[in-house]
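Asker: Got a predicted structure here, sequence first:
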Amino acid sequence: MLTKTYGSAVFGVNAATITIEVNVTPGTKLFMVGLPDNAVKESEQRIESALKHYGYRMPRQKVVINLAPANIRKEGSAYDLPIALGLLAASEQMPADRLGDYLIMGELSLDGELRPIKGALPIAIQARKEGFKGFILPAQNAREAAIVNNLEVYGVKNIKEAIGFFWGDDPVERVKIDTREIFQNTADKYLADFADVQGQENIKRALEIAAAGGHNVIMVGPPGAGKTMLAKRLPSILPPLSLQEALETTKIHSVAGKLGEQASLLSTRPYRAPHHTISDVALVGGGGNPQPGEISLSHNGVLFLDELPEFKRTVLEVMRQPLEERKVTISRAKVSIDFPANFMLIASMNPCPCGYYNHPEKDCVCGPGIVQRYLNKVSGPLLDRIDLHVEVTPVTFDQMTETRKTESSAEIRERVIRARQIQAERFENHPEIHANALMPSQMVKDICQINEAGKKLLKTAMERLGLSARAYDRILKVSRTIADLSGSPEIKVEHLAEAIQYRSLDREGWAG
């Protein structure tokens, strides 16, 4: 008897439906075709053990299992459940009449329990798109899949519950999620807040500008000055995620298997801080079965690289293209996959190997030329893509013991949101641009026009401070954001003056 069940394969952040055809005929041996990998082939042993545990039998006839379309490689263990149900239906141990209405995924353990899968959300989205009535999957992933409306989602704990569902004698409760209610109740719930930070007013101002314009930032300062602490608080002042952005972000984390059990919608901006020993593939994504890397996991959020010069040069250089294009393209012989990577880069570094160059109290012990060689580990093209260079100085004892209440993240975020609204109106005819940092050079010339006094100031700054030509566009973009924060329709001299001070690493002789 021939039966069909339906599963799914995930490619990038999208899914494709896989038809699992099971044919049981007189004969011997089991054949599995349709480009299965080893994990799929090994499902025979898992399925046999799981069925025996609940009193069912493995067909002792000729069994042909075809995973169609046959030209797509099938990977992973999540096909166990649809294959097992197809075998039972083909051997007439359970009814087959409703199998075609549901998309089924799940990995079986030897005792028939179901283990969680990756990519439940994009699979559910594709199931709804293709008109399936429902989606049957492990209970641990049910809330994640139930985000998708107009699709019945059933979470099962073991294969017996799945079999009982199709017999109709063991009803499984449908999982329902009010996506908008969850989104509204959990949005912007950050543990870290700028209200906890004493002093560092100039750094807070720089991060506010960065958040308002989507600018990348590098902080340079000695150990213990608060660089990591400040970076952790940046997501709390970014504009709240829209529901569409939350779904995009959740899809990526779903594909990577980073959503916790019983998790549903990610409603806060992601913050990723990989260690400096990370490989280039782990950062940008890849592998035999391409998976999203850290820069995609930080999509719509913040990627923090602490101790930037300690990262391998190759790792830093692979970020240059994603920083410009806001996506990562991973190409293989037979497939090319795009992962979104629209993130804010926040980097920090010591000014020298010992960490105390230009320190107000401690002496630097690095020899001549050591400081410059240390800074040169970060390439010019990468620095070119970082708009704000901020020098962080240690907090004094008096600042740490101040009792004066400092500004909270919510207060700063209000100003950031107002600035972003101005930019949304400015770029309403350019859907690919949503912040000043994304403006191309031609648009900078049109939008960031300055008066004669501003031109004179900028010319003087570039000559006296030895600023490079690449700093020109960056200064104009940052000054446009500062003007937006102050509600000014044009860029004034004071806006330019503030933007110029954020190009410290471009200055000739900065490191002696």
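Answerer: Cool, got the structure.

Asker: Go ahead and confirm Phe183 touches Ser267.
Answerer: Yes - checked against Cβ atoms under 8 Å, the pair Phe183 and Ser267 is within contact range at 5.1 Å. Backbone N, C-alpha and C define where each C-beta goes, glycine included.

Asker: which residues do these two both contact?
Answerer: Ala246 (Cβ atoms under 8 Å, 6 or more residues apart in numbering).

Asker: Grab the most central residue of this protein for me.
Answerer: With the centre of the chain defined as its mean C-alpha position, the nearest residue by Cα atoms, centre = their mean is Leu297, 2.2 Å away.

Asker: residues of the longest strand along the chain that come out buried?
Answerer: In the chain, ranked by residue count with DSSP state E as the criterion, the top strand is strand 14-25. Within strand 14-25, the residues scored as buried using 16 or more other Cβ atoms under 10 Å are 14-15, 17-18, 20-24.

Asker: can you check stretch 190-202 too?
Answerer: Judged by neighbour count using 16+ other Cβ under 10 Å, the buried positions of stretch 190-202 are 190, 192-195, 197-200.

Asker: okay, how far is it across it, tip to tip?
Answerer: One end of stretch 190-202 to the other measures 22 Å (Cα to Cα, to the nearest Å).

Asker: State the mean pLDDT of that stretch.
Answerer: The average of the pLDDT scores along stretch 190-202 is 85.

Asker: next one: stretch 474-490
Answerer: Model confidence over stretch 474-490, given as mean pLDDT, is 93.

Asker: With only the CA atoms kept, save it in PDB.
Answerer: This file holds the C-alpha atoms of stretch 474-490, laid out as PDB (Å, rounded to 0.1, in the frame of the first residue of the first chain):
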ATOM      1  CA  ARG A 474      30.800  59.700   7.900                       C
ATOM      2  CA  ILE A 475      31.000  63.100   9.500                       C
ATOM      3  CA  LEU A 476      28.100  64.400   7.400                       C
ATOM      4  CA  LYS A 477      25.900  61.400   8.200                       C
ATOM      5  CA  VAL A 478      26.600  61.700  11.900                       C
ATOM      6  CA  SER A 479      26.000  65.400  11.900                       C
ATOM      7  CA  ARG A 480      22.600  64.800  10.100                       C
ATOM      8  CA  THR A 481      21.700  62.500  12.900                       C
ATOM      9  CA  ILE A 482      22.700  65.000  15.600                       C
ATOM     10  CA  ALA A 483      20.600  67.600  13.800                       C
ATOM     11  CA  ASP A 484      17.600  65.100  13.800                       C
ATOM     12  CA  LEU A 485      18.000  64.600  17.600                       C
ATOM     13  CA  SER A 486      17.900  68.400  18.100                       C
ATOM     14  CA  GLY A 487      14.900  68.700  15.700                       C
ATOM     15  CA  SER A 488      16.800  70.900  13.300                       C
ATOM     16  CA  PRO A 489      15.900  70.800   9.600                       C
ATOM     17  CA  GLU A 490      19.400  71.800   8.600                       C
END
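
Asker: quick one: contacts of that stretch?
Answerer: 208-209, 212-213, 215, 384, 387-388, 415-416, 418-419, 422-423, 436-437, 439, 444, 447-451, 458, 467, 491-492, 495-496, 498-500, 502-503.

Asker: any idea which of the buried residues of strand 14-25 is the one closest to Ser8?
Answerer: For those, the closest approach to Ser8 (Cβ to Cβ) belongs to Ala15, at 4.7 Å.

Asker: ok, what's across the strand from that closest one?
Answerer: Ala15 forms beta bridges with Val10, as assigned by DSSP bridges.

Asker: At which residues are the helices of the stretch 101-250 of the chain located?
Answerer: 120-129, 142-145, 159-167, 179-186, 201-213, 227-232, 243-255 (DSSP state H, counting those that start in this stretch).

Asker: in the chain, what secondary structure element scores lowest on mean pLDDT?
Answerer: Least confident helix or strand, the chain: helix 397-400 with a mean of 70, by mean pLDDT, DSSP states H and E.

Asker: helices and strands around the helix or strand just after that one, which ones?
Answerer: Using DSSP states H and E, the helix or strand that follows helix 397-400 towards the C-terminus is helix 409-426. If you count contacts as 3 or more Cβ pairs under 8 Å, 6 or more residues apart in numbering; DSSP states H and E, helix 409-426 packs onto helix 201-213, helix 471-485.

Asker: Give me the distance from the longest strand of the chain to the chain's centre.
Answerer: Per Cα atoms, centre = their mean, to the nearest Å, the displacement of strand 14-25 from the mean C-alpha position of its chain is 31 Å.

Asker: which stretches of the stretch 101-250 of the chain have low pLDDT?
Answerer: Low-confidence regions of the stretch 101-250 of the chain, defined by pLDDT under 70, span residues 186.

Asker: Which among the contacts of stretch 474-490 count as buried?
Answerer: By the neighbour-count criterion of 16+ other Cβ under 10 Å, the contacts of stretch 474-490 include these buried positions: 208-209, 212-213, 215, 384, 387-388, 415-416, 419, 422-423, 436-437, 439, 444, 447-448, 450, 458, 467, 491-492, 495-496, 498-500, 502-503.

Asker: Pop the domain breakdown of this protein in here.
Answerer: The chain is divided into the following domains under automatic domain parsing: 2-167, 186-403.

Asker: Now tabulate the ones you listed in CSV and tack on distance to His430.
Answerer: Written out in CSV, the entries for those read as follows (distance: least, Cβ to Cβ, whole Å):
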stretch, distance to His430
domain 2-167, 24
domain 186-403, 13
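
Asker: ok so, going back, would you mind listing the residues in contact with the residue nearest to the centre of the chain?
Answerer: With contacts defined as Cβ under 8 Å, 6+ apart, the neighbours of Leu297 are 252-253, 256, 258, 270, 272.

Asker: Tabulate these (CSV), appending neighbour count.
Answerer: As requested, these are arranged in CSV below (neighbours: other Cβ atoms under 10 Å):
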residue, neighbour count
Ile252, 26
His253, 21
Ala256, 19
Lys258, 16
Pro270, 22
Arg272, 19
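
Asker: Show me which of these has the smallest pLDDT value.
Answerer: Taking the contacts of Leu297 together, the minimum pLDDT is found at Lys258 (87).

Asker: Go through the helices of the stretch 101-250 of the chain and pick out the most buried.
Answerer: Of all the helices of the stretch 101-250 of the chain, helix 142-145 carries the top mean neighbour count, a mean of 28, counting by mean count of other Cβ atoms under 10 Å.
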